[in-house]
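A.B. asks: need a structure here:
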Amino acid sequence: MDKGSKYWSKRSDGKFDLIELAYTQRNITNFVKILTEKEIPVEFTTTGDSMTDGKSITISSNITQNTLDSTIGLALHEGAHCTYTNFDVPKKIGNFLLEHNLIHGKEIILLLLNFVEDRRIDQLVYNTAPGYQSYYKAMYDKYFYNNTVDNGIRSNKFRKENWESYIFRIINIFNKNTDLTALAKLKEVYNILDLKNISRLENTLDSLRVACKIYKCIYNYLVTLTKEEFTKQSRLNEKNNNLKGASIKSLKNLLKKQEDFTMGKTHKQKISSLHKNKIKAISESLIKVEFITSADKKRPVHIMDGISDASINENLYDKFHSFKYTKNDNLIEQGITKGKRLLNKLQIRNEQITSSSKRLKQGKIDPRRIYAAGFEEDLFYKIDKANYKPISLNISIDGSGSMKGDKWNQTLINTIALGYISLNMNNIDVLISIRTTGDVFTGGIVPLLILAFDSKKHKLKDLKKLKYYRESGLTPEGICLETLNIPNSSYYLDSYLINMSDGMPTFLDYKDEKAILDTARVVKNIKKGGVNILSYFIEGEYNSYKHDAENNFKKMYGKDASFININNINEITKTLNNLLLKKELVS
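C.D. replies: You can find the predicted model right below:
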C-alpha cells in the first residue's frame, strides 16, 4: 500500500512545475491545518533561508517527487513548532541564563534548546498523528539517517573532547549507530536527555531546563580538563574505531546542515515574486490537471474551476483581459437585459401549479358545500399540486480564436442571459464552460477547460467575469468534452449538453478525421449517460462553413445538430425557452 505522498500525488518527472507546486502548497496547507487546528499560511520563500516565526511556514520551491515527502515533513515539523513551542522562551533566553549564571553559553544552549524541543514536539506529533509518520520519516532520512551520518558516527572522527565533537554526537544521538563511549560525557548526556521518556517534558521551558543541564554537564567537564587529560581521553575515545568513513570536510558540511535544521534555518530554494503570484493565482483558481486518453494518446487537460480575480490579474494561460477592460461591459448588460425578458416568460417554472377537484366522496371538507350536508354525500374536495422538476443545462462554448468578434459577442450575450435566468429560478441549474487551449507556464500549449460559471455556487458577480475572457487558442473539442462532468437524470428530470462552436476539432496532432471520430465517441458516451445533446454550429456572416463542415459536425454531434447564422443566434435562446416550458417537465 502506498504511503505518504504516493497515496495522493500525481507522478511527475523532474522539478515540479507551477501547477504541481500550487497543488502541493494546497495539500501541505491542509495537512498543517489538520495538525495544528489553526489557519497557518504556507508560502513559498522568496528570500532564501527562513526561520519559523510561529505564525507562518515557508517551503522550498525546489520540489521533486523524491523530495516531496521530506518537504511535507519539514512543513509539519514547523507547524508543530507553531502549535507547541513557546517562542517567547528562546526570545527571552538571555534573562533566564543571566539568572542562572549561564550567559556565557548562550549560543550553545540555544542550539541545545532547539534540539531538545525538536525531540519533544516530534515525538508528540509522531504519537498523536500516525498518518503523518511517513512524512516525518522522510524528513529524518534526509537530515539524520543516511550513510554519511552512519559512517561518521562509527568512524574515528568527532571523538576529541571539544564542543564540536559533542554537538555532532548529541545531534545524532538517536541514530541506531550511536556510540555512547565516543566521548567521556556522552553517556551522561544521554541519560539527562532520556529520549525514551521525552514526553515527560510538557513545554518549551522544560526543554530549556534540560538543555541547560546538558550544557553544564559538558562545560564543567571541559573547563577543568587539562591538556594531558584531553589528549589521553581523546586517544581512548578513538581506540578500536579506525573506520575512515567520510572525510572530515564532508562531515562538517553535514553537521552545519544539521545545526541549521535544528535552529530552523534549513535552506529553501527561493522563488521569484512573479512565479509566487502565479502559484497563488493557480491555487485560488483551483486548477487541476486531468489525464485522459484521446485518439489513442494520453493527454493532460488543465481544468480551471471558476474565474477568480487572481486568474484575471495574473492573466493565467494568457486567456484574460485586465480589470481595466471595459469593451464587453455593454455585452454583459445586454445579456442581463435579455435574461430579464426571458425570466418573465419562465416565471411559471417558479410557481406551483394548482388544480382543485370538487364534489368528491372523500378528501377535505369543502365548507361551501356544508349547506347540502343533509342530502348530498359529495362534500369533499382535493387540491393537486405540481412543480416543474429541476433541469440541468451544461453550456459548453468554443473559446478558440476563430470565435473572435461578432460570433463571441453574440454568444456571450445569450450565455449571460441563460446564466442570469438560472440565478433567479429555483429549478434550473446552469454550468457554463469554455473549451480552448492556453499557454502553460513552463512553455507550450495545453487543452484548457474553464468551468467559468456554476449557478449552484456562483453569483451574478461571477457570471459577469465572463467579460474578461479573451477568445484565442485552438479547438480541442473532444479532449475537453471528455473531462466535463455532466449530471445524468438521477436527480434532474432532464440534463442537456448545449454546445456552441464554429469549427472542427484542432490541437497539434489532434485534428482531421481522427479528432472528429474521437469527438463523436465522447459525445456518444455522454448520450449514454442520459444527457440530451443540443449542438449549434455558429456561422459567420461572411464566411459560411456550412457546406464544408455540415457532415463532419453532424458526425460528431448527431443528426439534430443545427447551423445558426450569427444574425440568428437568438434562435438558441428561443429553443431553450420553449424547452424549459415543456409540459412534460411538470411532475
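A.B. asks: Show me where the stretch 251-400 of the chain has its strands.
C.D. replies: 288-294, 297-305, 353-360, 364-365, 380-386, 391-398 (DSSP state E, counting those that start in this stretch).
A.B. asks: Could you grab the helix/strand/coil label for the nearest residue to Gly105 once chain neighbours are set aside?
C.D. replies: Spatially, and ignoring its direct neighbours in sequence, Gly105 is nearest to Tyr215 (5.1 Å; C-beta to C-beta, 6 or more residues apart in numbering). Just so you know, the C-beta spots here come from the backbone N, C-alpha and C atoms, and that holds for glycine as well. Counting by DSSP: H, G, I helix; E, B strand; the rest coil, the backbone at Tyr215 sits in helix.
A.B. asks: Is it correct that Tyr215 is in contact with His104?
C.D. replies: No. When contacts are counted by C-beta atoms under 8 Å, Tyr215 is not listed as touching His104 (9.9 Å).
A.B. asks: so after the top helix by length along the chain, what's the next helix or strand?
C.D. replies: The residue-count maximum for a helix in the chain (DSSP state H) belongs to helix 106-128. Toward the C-terminus, helix 106-128 is succeeded by helix 133-143 as the next helix or strand (DSSP states H and E).
A.B. asks: chain center to the helix or strand just after that following helix: distance?
C.D. replies: Using DSSP H and E, the helix or strand that follows helix 133-143 towards the C-terminus is helix 147-154. The chain centroid and the centroid of helix 147-154 are separated by 39 Å under C-alpha atoms, centre = their mean, to the nearest Å.
A.B. asks: again, but for stretch 168-181
C.D. replies: 40 Å.
A.B. asks: got the contact list for it?
C.D. replies: If you take C-beta atoms under 8 Å, 6 or more residues apart in numbering as the criterion, stretch 168-181 is touched by 112, 115, 119, 144-145, 149-150, 152-154, 158, 182-183, 186-187, 189-190, 193, 195, 214, 237, 241, 251, 255, 258-259, 262.
A.B. asks: out of those, which are buried?
C.D. replies: 112, 115, 119, 144-145, 149-150, 152-154, 158, 182-183, 186, 189-190, 193, 214, 237, 241, 251, 255, 258-259, 262 (16 or more other C-beta atoms under 10 Å).
A.B. asks: Can you name every helix or strand that the longest strand seen in the chain contacts?
C.D. replies: Ranked by residue count under DSSP state E, the longest strand found in the chain is strand 428-439. Contacts defined by 3 or more C-beta pairs under 8 Å, 6 or more residues apart in numbering; DSSP states H and E place strand 428-439 against strand 391-398, helix 406-423, strand 445-454, helix 477-482.
A.B. asks: Pull out the buried positions in stretch 406-425.
C.D. replies: For stretch 406-425, using 16+ other C-beta under 10 Å, the buried residues are 407-423, 425.
A.B. asks: now stretch 395-404
C.D. replies: Quick answer for stretch 395-404 (16+ other C-beta under 10 Å): 395-400, 402-403.
A.B. asks: Which two of those have the greatest separation?
C.D. replies: Across these, the longest distance by C-beta to C-beta is 18.5 Å; it joins Ile395 and Ser402.
A.B. asks: Now Ile153. Nearest residue, chain neighbours left out?
C.D. replies: Nearest one to Ile153, counting by C-beta to C-beta, 6+ apart, is Asn177 at 4.5 Å.
A.B. asks: likewise Lys340?
C.D. replies: In space, Lys340 is closest to Tyr420, 7.1 Å off (C-beta to C-beta, 6+ apart).
A.B. asks: Make sure that neighbour is actually in contact with His458.
C.D. replies: No. Shown here, Tyr420 and His458 do not form a contact pair, counting by C-beta under 8 Å, at 11.7 Å.
A.B. asks: what's the spacing between the residue nearest to Ala452 when sequence neighbours are not counted and Ile59?
C.D. replies: Of all residues not flanking Ala452 in the chain, Ile432 sits nearest, at 4.9 Å (C-beta to C-beta, 6+ apart). Distance, Ile432 to Ile59, using C-beta to C-beta, to the nearest Å: 35 Å.
A.B. asks: give me the low-pLDDT residue ranges for the chain?
C.D. replies: Scanning the chain for pLDDT under 70 picks out 1-3, 7-14, 48-51, 240-245, 346-388, 442, 487-493, 541-548, 579-587.
A.B. asks: again, 50 this time
C.D. replies: 1, 352-361, 363-376, 379-385 (pLDDT under 50).
A.B. asks: list the helices and strands the helix or strand hosting Ile526 packs on?
C.D. replies: If you go by DSSP H and E, Ile526 is part of helix 512-528. Helices and strands touching helix 512-528, by 3+ C-beta pairs under 8 Å, 6+ apart, are helix 477-482, strand 532-539, helix 546-557.
A.B. asks: again, only using 10 Å
C.D. replies: Helix 512-528 sits against strand 288-294, helix 477-482, strand 494-501, strand 532-539, helix 546-557, with contacts defined as 3 or more C-beta pairs under 10 Å, 6 or more residues apart in numbering; DSSP states H and E.
A.B. asks: Go through the ones you listed and pick out the most buried.
C.D. replies: helix 477-482 (a mean of 27; mean count of other C-beta atoms under 10 Å).
A.B. asks: Centre of the chain to it, how far?
C.D. replies: 23 Å.
A.B. asks: before we move on, what about stretch 59-69?
C.D. replies: With C-alpha atoms, centre = their mean, you get 16 Å for stretch 59-69.
A.B. asks: Ser207: how many residues sit nearby?
C.D. replies: Number of residues near Ser207 (other C-beta atoms under 10 Å) recorded here: 26.
A.B. asks: let me redo that: Pro41
C.D. replies: With other C-beta under 10 Å as criterion, Pro41 counts 11.
A.B. asks: can you pull the contacts of it?
C.D. replies: Residues in contact with Pro41, defined by C-beta atoms under 10 Å, 6 or more residues apart in numbering, are 25, 29, 32, 55-58.
A.B. asks: Go through these and flag which are in strands.
C.D. replies: Reading strands off those with DSSP E, I get 57-58.
A.B. asks: Turn the contacts of Pro41 into a markdown table, including neighbour count.
C.D. replies: As requested, the contacts of Pro41 are exported to a markdown table (neighbours: other C-beta atoms under 10 Å):
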| residue | neighbour count |
| --- | --- |
| Gln25 | 22 |
| Thr29 | 20 |
| Val32 | 24 |
| Lys55 | 10 |
| Ser56 | 13 |
| Ile57 | 25 |
| Thr58 | 24 |
